[in-house]
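Asks: My questions are about this predicted structure, shown below with the sequence.
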Amino acid sequence: MKAFAYVRTALIGASGLVAVACFISTTTRPVAVQKGGPPARLTRVPVKAHLMNGDVVMFRAGVTVGNGIATGMGERFTLTRATAQAVSSVALDSVLGFEVYERQVNPARTLLYGVMGTAATGAAIVGGSIAIFGSCPTIYADSAGIPMLQAESFSQSIAPLLAVRDVDRMSLTPDGRGVVRLSVQNEALETHHLDQLQLIEVRHDANEVALPSPIGGLMAVGSIVSAGSIRDAAGRDVSIPLARTDGVVFSSDGALLERAVAGGPTRDHLLITTAKPAGQDSVALVLRARSSLLSTAILYDYMLGRPGASALDWLGRDLSQIANVVQLATWHAEHFGMRVEVLDGERWLPVARVIAFGPVAWSDIGVVVPAVGGDSVRMRVSFTVDEFRIDRVAIAQRVRRVEPRNITAARAFDNHGVPRDDMVPMLARADDRDVETHPGDHFSIEFDVGVAPSDTRTFMLASQGYYTEWVRGKWMKTATDSLPFSPARTSMHDVLRTWQASKDTLEQHFFQRRVPIS
C-alpha cells in the first residue's frame, strides 16, 4: 500500500483454475477490488470475485459493478475448485474482494494461492483475528519466541513494470546451528508477487556498521559521530532529537505544512553541517527513517479512491503500458523521495536519490558524500513536506565498500510447517516464476549461514517483486472522478491539503488499530 519506484532501466488463453493453498503452472497479473457499488461501470479487464464462503466466480469478459450486484458472464467454482456453475451475477455483500487480472500462460511459473484459503481469510478479516495492517511483504525473524519485524520488501512496486530490487538491513542473530529463519507475511489487503528472496551476508570489523547504499552496493562505516548542526526548513535546530536511535522522531513542522497547503513551497529539508575528517575525501551520511503515510494516502485517495471503478482499468491495463508507467514514475521522481546534496562553494551538487522507505519498518542506509568545502562539510537532505519520519542522522567519518556473500534459501515451509521444496528454486533468483500470496498468507524460509561471531557480520535481505492493492468498496461507492488517475491533473498543494485534513485519522487507524485504512 505504498507508492511506487522508478521504472527499471530495462523498461524498453487460459487462466487455469486456481485451487486454494496449491501450486499451479500459470501466470496472472492480478489486481483485486473489494465490494463495489453504484454508479454502474463495466470493467475492461477479466475479474475474479472471491466470495466470503470461499467460492470464486470468474468473469472472464469483465464485469459490471453497480446497484449492489456484480453482473457478467461468470463461472462459479466451489472451495475445492472441482466443479463450475454458470452464473450471471453475485451480490456484492457476498464478495470478499474482486481481483482483476491479465492472463499470460507460462508453464514455468508457479503460484502460491491463498495459504490460508479464501474462506478462512475472509472469516478472519471479518472477525478481526488477522493483523491486517502492513504493506507489501513484511519480514519477521524470531527473537526469544517473539516475532520481530525486520523489513518490508519491494515497498515501492505497485505493478510488474515497476518491480525493482530492494535491499534491507536486518538486525538478527542466527541460531546455534547457523540457521536464519524468516517469516514472510501478507498483512495487508493486497496481492503479493515474490520473485526473489535472498540473504546477503556482510563481513566487517567489530567496530564497524554495515549499511546498504541507495545507489547500489554495500558499505562498512566506522567512527560514527553526531552531526555538528542540523536545521530544518522551518529554522528549527533538530540536532538533539536526531542524534540517536531512541524513538524521538523528526517530522515536518506544522507551520511549514500550513504554508504549503496555502500555496507556498511544498518542500522541507535538513541542513547538516559536520567537521571534515582529516585525511578523508568522503564521509557517509547515516540515516534511519521510514515514510509517513503520505504516499499511502495518495495511492488510496488520488489513484484508487477518487476514480473508483476507473481505478480497476488503471491498475489492470494502464500500468501494463510502458508510456503510462514512465509518466507515473517521472512524476513520482519529481515530487517524492529524499534528495541528498553537498555544498561545493556556492553550488549544491546532487549526490543521491533515496526512495526505498516504507511506512511500517524502519530502514537504515548510508550515503557516501564527497568531503568538499572548507573545514566543514555541508549537506542538504530535501523532501516533500511531511513525507518522512526520521529517527537518526549521523556521520560516519570512515567508509569503505565491502563485498557481500549471497545466500539462497535452503528450505521453505508453508504456514502449517510443511516443507515446500518447490518454493526454494522459485525464490532463488529474479526470473519469470514467483510466489503469490493473499491477505493473511504467510510462509517461512531458512538460510544456512554458518556460525561466526555476531559482531563481525550483518545480514541484509534482497527482494524483488511487486504488489497489487485491493480497491475498497467504500472507494467504489464514493468515487468523485470518472477518469483514471493522471499526474498531469494532480496538484501537490491539493495533495498536501488532503493529507493535512486526514493524516491524524489515517495514522490512528494504521498504527493503533492495526487495520487497513477503510
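Replies: Yep, that arrived. Values in this document were obtained by computation on a predicted structure and should not be read as measured data. Numbering: from 1, shown residues only.

Asks: From here on, just use CA atoms for contacts and neighbour counts.
Replies: OK.

Asks: least trustworthy helix or strand in the protein by mean pLDDT?
Replies: Among the helical and strand segments of the chain, the one scoring lowest on mean pLDDT, DSSP states H and E is strand 22-25, with a mean of 28.

Asks: all helices of the stretch 351-500 of the chain, in order?
Replies: 423-428, 473-477, 492-507 (DSSP state H, counting those that start in this stretch).

Asks: Nearest to residue 409, out of those?
Replies: helix 423-428 (6.1 Å; C-alpha to C-alpha).

Asks: Pull out the CA atoms of the closest one and give them to me as PDB.
Replies: Only the C-alpha atoms of helix 423-428 are listed here, as PDB (Å, rounded to 0.1, in the frame of the first residue of the first chain):
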ATOM      1  CA  MET A 423       9.400 -22.900  -3.500                       C
ATOM      2  CA  VAL A 424      13.100 -22.800  -3.000                       C
ATOM      3  CA  PRO A 425      14.200 -22.500  -6.600                       C
ATOM      4  CA  MET A 426      11.400 -20.100  -7.300                       C
ATOM      5  CA  LEU A 427      12.700 -17.600  -4.800                       C
ATOM      6  CA  ALA A 428      16.400 -18.200  -5.600                       C
END
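
Asks: counting contacts, what elements does that helix pack onto?
Replies: The contact analysis (3 or more C-alpha pairs under 8 Å, 6 or more residues apart in numbering; DSSP states H and E) places helix 423-428 against strand 190-203, strand 411-413, strand 435-437.

Asks: Who are the contact partners of the residue lying closest to residue 60 once chain neighbours are set aside?
Replies: Excluding the flanking residues, the one nearest residue 60 by C-alpha to C-alpha, 6 or more residues apart in numbering is residue 46, at 4.5 Å. Residue 46 makes contact with 58, 59, 60, 61, 62, 63, 100, 101, 102 under the criterion C-alpha atoms under 8 Å, 6 or more residues apart in numbering.

Asks: gap between residue 46 and residue 236?
Replies: With the distance defined as C-alpha to C-alpha, to the nearest Å, residue 46 ends up 53 Å from residue 236.

Asks: For the stretch 401-518 of the chain, give me the ranges with low pLDDT.
Replies: Across the stretch 401-518 of the chain, the ranges flagged by pLDDT under 70 are 473, 511-518.

Asks: For the stretch 251-400 of the chain, which segments are assigned as strands?
Replies: 267-275, 282-291, 338-344, 347-354, 363-370, 376-384, 388-402 (DSSP state E, counting those that start in this stretch).

Asks: farthest pair in the contacts of residue 46?
Replies: Largest pairwise distance in those, by C-alpha to C-alpha, is 14.0 Å, between 63 and 102.

Asks: who has more neighbours, the two?
Replies: For residue 63 versus residue 102, neighbours defined as other C-alpha atoms under 10 Å are more numerous around residue 63 (28 against 18).

Asks: list the contacts for the more buried one?
Replies: 42, 43, 44, 46, 47, 70, 71, 72, 73.

Asks: what bridges to the first one?
Replies: Here residue 42 shows beta-bridge partners residue 64, assigned using DSSP bridges.

Asks: so who does residue 481 touch?
Replies: 306, 307, 308 are the contacts of residue 481 under C-alpha under 8 Å, 6+ apart.

Asks: quick revisit: ok, so what distance separates the residue nearest to residue 60 from residue 59?
Replies: Counting by C-alpha to C-alpha - residue 46 and residue 59 are separated by 6 Å.

Asks: now do residue 441
Replies: Between residue 441 and residue 59 the distance is 24 Å, computed by C-alpha to C-alpha.

Asks: Likewise for residue 421?
Replies: Computed as C-alpha to C-alpha, the residue 421 to residue 59 distance reads 33 Å.

Asks: now do residue 196
Replies: 31 Å.

Asks: Then residue 311?
Replies: Distance from residue 311 to residue 59, by C-alpha to C-alpha: 18 Å.

Asks: again with residue 213
Replies: Taking C-alpha to C-alpha as the measure, residue 213 and residue 59 are separated by 45 Å.

Asks: and these two? which has more neighbours close in?
Replies: residue 59 (24 against 21).

Asks: And what about the nearest residue to the more buried one once chain neighbours are set aside, helix, strand or coil?
Replies: Leaving out its chain neighbours, the residue that sits closest to residue 59 by C-alpha to C-alpha, 6+ apart is residue 74, at 4.5 Å. Here residue 74 is recorded as strand under DSSP: H, G, I helix; E, B strand; the rest coil.

Asks: distance of residue 161 from residue 357?
Replies: For residue 161 relative to residue 357 (C-alpha to C-alpha), the value is 19 Å.

Asks: could you give me the average pLDDT of stretch 83-95?
Replies: For stretch 83-95, mean pLDDT rounds to 85.

Asks: Next, the buried residues of it.
Replies: Going by neighbour count (16 or more other C-alpha atoms under 10 Å), the buried part of stretch 83-95 is 89, 90, 92, 95.

Asks: any idea which of those is closest to residue 205?
Replies: Using C-alpha to C-alpha, the buried residues of stretch 83-95 come closest to residue 205 at residue 95, 55.2 Å.

Asks: so how far does stretch 433-444 reach from one end to the other?
Replies: End-to-end distance of stretch 433-444: 18 Å, with C-alpha to C-alpha as the criterion.

Asks: Could I get the buried residue list for that stretch?
Replies: By 16+ other C-alpha under 10 Å, the buried positions in stretch 433-444 come out as 433, 434, 435, 436, 437, 438, 439, 440, 441, 442, 443, 444.

Asks: Also stretch 470-482?
Replies: Applying 16+ other C-alpha under 10 Å to stretch 470-482 flags 470, 471, 472, 473, 475, 476, 477, 478, 479 as buried.

Asks: And stretch 452-472, by the same measure?
Replies: Within stretch 452-472, the residues scored as buried using 16+ other C-alpha under 10 Å are 457-472.

Asks: Greatest separation within these: which pair is it?
Replies: 457 and 472 (43.3 Å).

Asks: which residue packs closest to residue 325, ignoring adjacent ones?
Replies: That would be residue 319: by C-alpha to C-alpha, 6+ apart, it lies 5.7 Å from residue 325.

Asks: Repeat that for residue 210.
Replies: Nearest residue to residue 210 in three dimensions, chain neighbours excluded: residue 220, at 4.3 Å (C-alpha to C-alpha, 6+ apart).

Asks: Could you look up the SS state of that neighbour?
Replies: Using three-state DSSP, the structure places residue 220 in strand.

Asks: looking at it, it is touching residue 206, isn't it?
Replies: No - shown here, residue 220 and residue 206 do not form a contact pair, counting by C-alpha atoms under 8 Å, at 10.5 Å.

Asks: Redo the contacts of residue 46 as CSV? Include pLDDT and distance to residue 202.
Replies: CSV is the format used below for the contacts of residue 46 (pLDDT from 0 to 100; distance: C-alpha to C-alpha, whole Å):
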residue, pLDDT, distance to residue 202
58, 87, 47
59, 84, 49
60, 88, 48
61, 86, 50
62, 83, 49
63, 79, 51
100, 72, 41
101, 71, 39
102, 60, 40
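
Asks: between those residues, which is nearest residue 78?
Replies: In terms of C-alpha to C-alpha, no member of the contacts of residue 46 lies closer to residue 78 than residue 58, at 11.5 Å.

Asks: Within the helices and strands, which one has the closest one?
Replies: strand 56-59 (DSSP states H and E).

Asks: Touching, residue 218 and residue 210? I think so.
Replies: Yes - counting by C-alpha under 8 Å, residue 218 does reach residue 210; the two are 7.1 Å apart.

Asks: Mind checking which of those two has more residues around it?
Replies: The neighbour comparison of residue 218 against residue 210 (other C-alpha under 10 Å) goes to residue 210, with 28 against 22.

Asks: Thank you, goodbye.
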